[in-house]
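K.L.:
Predicted model and sequence below, questions to follow.
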Amino acid sequence: MAGTIQTQNTSAAPIPANKTWGGTIQYNALAGGQTVTVGSYNILTLSNIGGTQTASGDISAATFNTTTGGTINMGTNVLSVTNVSHSGILRTQNSSSTPFTAGLTWGGTVVFDGTVGQTIPASTFNNLTISNITGVTAAANQTINGILNLSVANPDATHGSLDMSTFTLNLGANANTIGIGDVTGIISRTTFIVNTIYTYGNTNQYLFFPNTPGQSLPDEVVVRISLLSTAPNWVTNGTRRLYEISQTDGIGTKALFRANYLDSELAGGIDESLLSIWSRAYQDDAYITDEGWSDYNSTENWITLSDVDFQYLPAGLGNFEVTLAPTSQVFKTWNGSQNTTDWNTASNWTPNGVPTSVLGIVIPNVSSSNNFSPDLPVDAEGQYLIIQDGGILNTVSNAELTLSGNGNVWSAEAGSTFNPGNSNVIFTGNISGGAITIAGNTDFYNITISANTTLRPGVDSNIGIANTITNNGVLDAASTHNTIEFKKDGDYSIPNPNGDTPGYHTLILSGTGTKTLPASLDIWHDFINNGTVDAGTGVVNINGIYSLQNIGGTSSTNFYDLVVANTSGTTTTSANITASNSLIVDAGTILQPGSTNTVGGSGTLTGSGTVKVTGLGGINSLCTQYPSISKDLTNLTLDYNGAGNQTVCAENYGNLFISPNGTRTVTFASSGIIGVAGVLIRIRH
């Protein structure tokens, strides 16, 4: 046979079994699953997306093709193929050493979901999913370029849901790890760019390199993750998880390293709030260091260290080890034993004595402190402060707290409370010791950053400012995923962060009074206006590195110059905006207003990116969704893509697209001239 046989038959035997087929056999039922008959195929094409296709036995094929949206379940059978073009989902429960042919490159997704241990032959995957609760083991080096989904927990205390044995898992530039399991063994990455999370075998195990002048990113970072039956013996009460880290050619970095752990790996009786990252170099106890931490989450079970300079990490696995253990830092813990809220009563603290500038401070759950919560006085000091879940810290009038540590200096755990009153928290860390961080969600009244101090919000932190930030040092508000909200009831000039990456990650403006923006402001994620904003004659750059940015809030914002510069994805709006001088949409960027939002002003819409028309009803055209603003569309692409009927109004367009979005009618204006200098495209379904 040299032609093509197509079958839509959904019976148990759509074609004869155990045959050798020339030509092409195509399974393409429109609805319902199909049985892929055991046999030997020349070209086997599976294009049924209406149900799961199930192998009735071992399958061999010279060429194996699948379609996006389709699923082939091989069960416990073997798939032997020479050439593969895979865009769908391949499931296997086979427990042999070669459930499918080794040495192939798989697009789409491959799923190991057996009920006994399985083995992965040497392969390159787009997406790989591990759903086998008994674990999967690599029989050779593996490469993943897309998503590694460890959807099930580790099978036991010493093996990850994917165990690399003695082999290496190579993660491509865009590879990412999701799910609840771990990879054990060696993981290598060789491609790094700034401001990107690079996971290492767990969604909460990763490296992140912020923008740092003069740095050279590593050519390779290799990590071996070991889950141990016994904790490392070179640190007291260590966690039964060990990282060995090796790198080549990284210089001058300020990397962020996040380490994951399981509760079952902790020593008994450990307070997770006081875990620290410890390292040992060259397996020599003379080089054991309590590295500290910059952020932690005892619910999600991770701890982070920032400002890691990779030039000090030696090459070769085994030469630099990392684990978690209680910090060596000395803390005072509030106990409230004197039935008072007096901070300066020595016996209200354990061990006895009021915190000083060289001591950490722990505010525990109020139920464990005699139900008395401390009042922060006017002259308090410490090195670090941790408000634990259920802990409450109140303040007297004009209270002041000076924190002199580096790393994670302020931690507010979920469920904690800080009542700031009109207090001032002063951060005086030494810049030579790296940035200081604020972790968790905290509303402050005043914050003061001292000279020679860098303050950086922790990852996923939310910081509220009820009055002011006084910055005498460095405010690095854009290097991590965080939110800062200025809530002052009154006029206030928003400070411009001066970190290596300028601007804010997410900025929220609220409260009464007018918030005045700096002359040049960079926003890397969202800009939310819930009050009144004065942009002056400055420029706001939407500079994101994320797939989606938003300009929104409960109030409209009148920008002077607004530049959409996010080439990583789409900039959306969820509020009306205007530009009184210019709205520039840069090449490679997309501006997509919400379907009920307008973009107007007395300025000029221009640039060379893509501007979408999403409005419906009374704002269903460029002219009505972008009212009043002048339009220089010569180099722009205008894309009408609303989820309903729209009208292409009379304008001189550069490129004009009409995109599909459900059943709708797009009507060209009945009067005026519609000019298209570039390309006119109706994108069909």
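P.N.:
Okay, I see it. Only a predicted model underlies this, so the values are computations on that prediction, with no experimental measurement involved. Residues are numbered from 1 along each chain as shown.

K.L.:
Tell me the spacing between Ala157 and Asp263.
P.N.:
12 Å (Cβ to Cβ, to the nearest Å). Heads up, the C-betas are built off the backbone N, CA and C, glycines and all.

K.L.:
residues contacting the spatially most central residue of the chain?
P.N.:
The centroid of the chain falls nearest to Ile197 when counting by Cα atoms, centre = their mean (6.5 Å). By Cβ atoms under 8 Å, 6 or more residues apart in numbering, Ile197 lies in contact with 176, 206-208.

K.L.:
Please dump those into JSON lines; it should also carry secondary structure, neighbour count and pLDDT for every row.
P.N.:
Shown next, in JSON lines, are the contacts of Ile197 (DSSP: H, G, I helix; E, B strand; the rest coil; neighbours: other Cβ atoms under 10 Å; pLDDT from 0 to 100):
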{"residue": "Asn176", "secondary structure": "strand", "neighbour count": "18", "pLDDT": "97"}
{"residue": "Tyr206", "secondary structure": "strand", "neighbour count": "21", "pLDDT": "97"}
{"residue": "Leu207", "secondary structure": "strand", "neighbour count": "24", "pLDDT": "97"}
{"residue": "Phe208", "secondary structure": "strand", "neighbour count": "22", "pLDDT": "95"}
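
K.L.:
any weak-confidence spans in the chain?
P.N.:
In the predicted model, the chain carries pLDDT under 70 at residues 1, 684-685.

K.L.:
State which strand of it is the longest.
P.N.:
Counting by DSSP state E, the longest strand found in the chain is strand 436-449.

K.L.:
Which other helices and strands does it contact?
P.N.:
Using 3 or more Cβ pairs under 8 Å, 6 or more residues apart in numbering; DSSP states H and E as the contact test, the elements touching strand 436-449 are strand 295-297, strand 407-412, strand 417-418, strand 424-427, strand 454-457, strand 462-471.

K.L.:
Turn those strands into a markdown table, columns for mean neighbour count.
P.N.:
Listed next are those as a markdown table, based on neighbours: other Cβ atoms under 10 Å:
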| stretch | mean neighbour count |
| --- | --- |
| strand 295-297 | 24 |
| strand 407-412 | 26 |
| strand 417-418 | 20 |
| strand 424-427 | 22 |
| strand 454-457 | 27 |
| strand 462-471 | 19 |
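
K.L.:
got those as JSON lines, with distance to Cys623 columns?
P.N.:
Below are the helices and strands packed on strand 436-449 laid out as JSON lines (distance: least, Cβ to Cβ, whole Å):
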{"stretch": "strand 295-297", "distance to Cys623": "49"}
{"stretch": "strand 407-412", "distance to Cys623": "49"}
{"stretch": "strand 417-418", "distance to Cys623": "50"}
{"stretch": "strand 424-427", "distance to Cys623": "51"}
{"stretch": "strand 454-457", "distance to Cys623": "42"}
{"stretch": "strand 462-471", "distance to Cys623": "40"}
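
K.L.:
Now Ile619: closest residue in space that isn't a chain neighbour?
P.N.:
Gln625 (4.3 Å; Cβ to Cβ, 6 or more residues apart in numbering).

K.L.:
nope, Asn344 is what I meant
P.N.:
Counting by Cβ to Cβ, 6+ apart, Val354 is the residue found nearest to Asn344 once chain neighbours are left out, at 5.5 Å.

K.L.:
so the one you found sits in a helix?
P.N.:
No - Val354: not assigned to a helix; according to DSSP: H, G, I helix; E, B strand; the rest coil it is coil.

K.L.:
That one and Pro377, how far apart?
P.N.:
Taken as Cβ to Cβ, the span from Val354 to Pro377 is 10 Å.

K.L.:
Neighbours of the nearest residue to Gly353 once chain neighbours are set aside, how many?
P.N.:
Of all residues not flanking Gly353 in the chain, Ala346 sits nearest, at 5.1 Å (Cβ to Cβ, 6+ apart). By other Cβ atoms under 10 Å, the residues close to Ala346 number 12.

K.L.:
same thing with the one 5 residues further on?
P.N.:
The local packing of Pro351 (other Cβ under 10 Å) involves 11 other residues.

K.L.:
returning to that earlier point: please report phi then psi for the residue nearest to the centre of the chain.
P.N.:
Dihedral angles of Ile197 (phi, psi; degrees, to the nearest 10) stand at phi -80, psi 130.

K.L.:
Over to Glu272?
P.N.:
According to degrees, to the nearest 10, the main-chain angles of Glu272 amount to phi -60, psi -20.
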